[in-house]
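Student: Mind looking at a prediction? Sequence and model below.
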Amino acid sequence: MTTHEAPRTAYKPLAMSYNDAAAYVGLSRRTIIKLVSTGEFPRPRKVRGTTALRFSTADVEAWFDNQPEQNPEAVE
């Protein structure tokens, strides 16, 4: 008996959780929560019909792309 598997394709998710967003930009979940509360990070959206909050991947990427670069030598 042969098992047929669907081809694996890597899709970028449209939305991500707090933990996923934090990992994606290299910050802690707690830092993401603080940045959202001060308006410095995109607000998550409520997923229709659920209690889940998700960040738009496009919003998170745009936020990251607009962050000023730091001199690696200045970071300790």
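Tutor: Arrived safely.
Student: I'd like the distance between the residue nearest the centre of the chain and Gly49.
Tutor: For the chain, Ala21 is the residue whose C-alpha lies nearest the centre (Cα atoms, centre = their mean; 2.5 Å). As judged by Cβ to Cβ, to the nearest Å, Ala21 and Gly49 stand 21 Å apart. In this view, the C-beta of every residue, glycine as well, is placed from N, C-alpha and C.
Student: hmm, back to that, neighbouring contacts of the helix or strand the residue nearest to the centre of the chain falls within?
Tutor: In this structure, Ala21 sits in helix 18-25 according to DSSP states H and E. Here helix 18-25 makes contact (Cβ atoms under 8 Å, 6 or more residues apart in numbering) with 13, 16, 28-29, 31-33, 44, 53, 55, 57, 60, 63-64.
Student: Following element in sequence after that helix, please.
Tutor: By DSSP H and E, the next helix or strand past helix 18-25 is helix 29-37.
Student: who does whichever helix or strand comes after that next one pair up with?
Tutor: Toward the C-terminus, helix 29-37 is succeeded by strand 45-46 as the next helix or strand (DSSP H and E). Take DSSP bridges as the rule and strand 45-46 pairs in its sheet with strand 53-56 (antiparallel).
Student: Need the contact partners of the partner strand.
Tutor: So strand 53-56 is contacted by 14-18, 20-21, 42, 44-47 (Cβ under 8 Å, 6+ apart).
Student: Would you mind putting these into TSV with distance to Glu5 and pLDDT alongside?
Tutor: TSV is the format used below for those (distance: Cβ to Cβ, whole Å; pLDDT from 0 to 100):
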residue	distance to Glu5	pLDDT
Leu14	24	90
Ala15	26	94
Met16	26	96
Ser17	27	96
Tyr18	32	96
Asp20	25	96
Ala21	30	97
Pro42	36	97
Pro44	33	97
Arg45	33	95
Lys46	34	94
Val47	28	90
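Student: Now restrict those to buried residues only.
Tutor: Among the contacts of strand 53-56, those classed as buried by 16 or more other Cβ atoms under 10 Å are 15-16, 18, 20-21, 42, 44.
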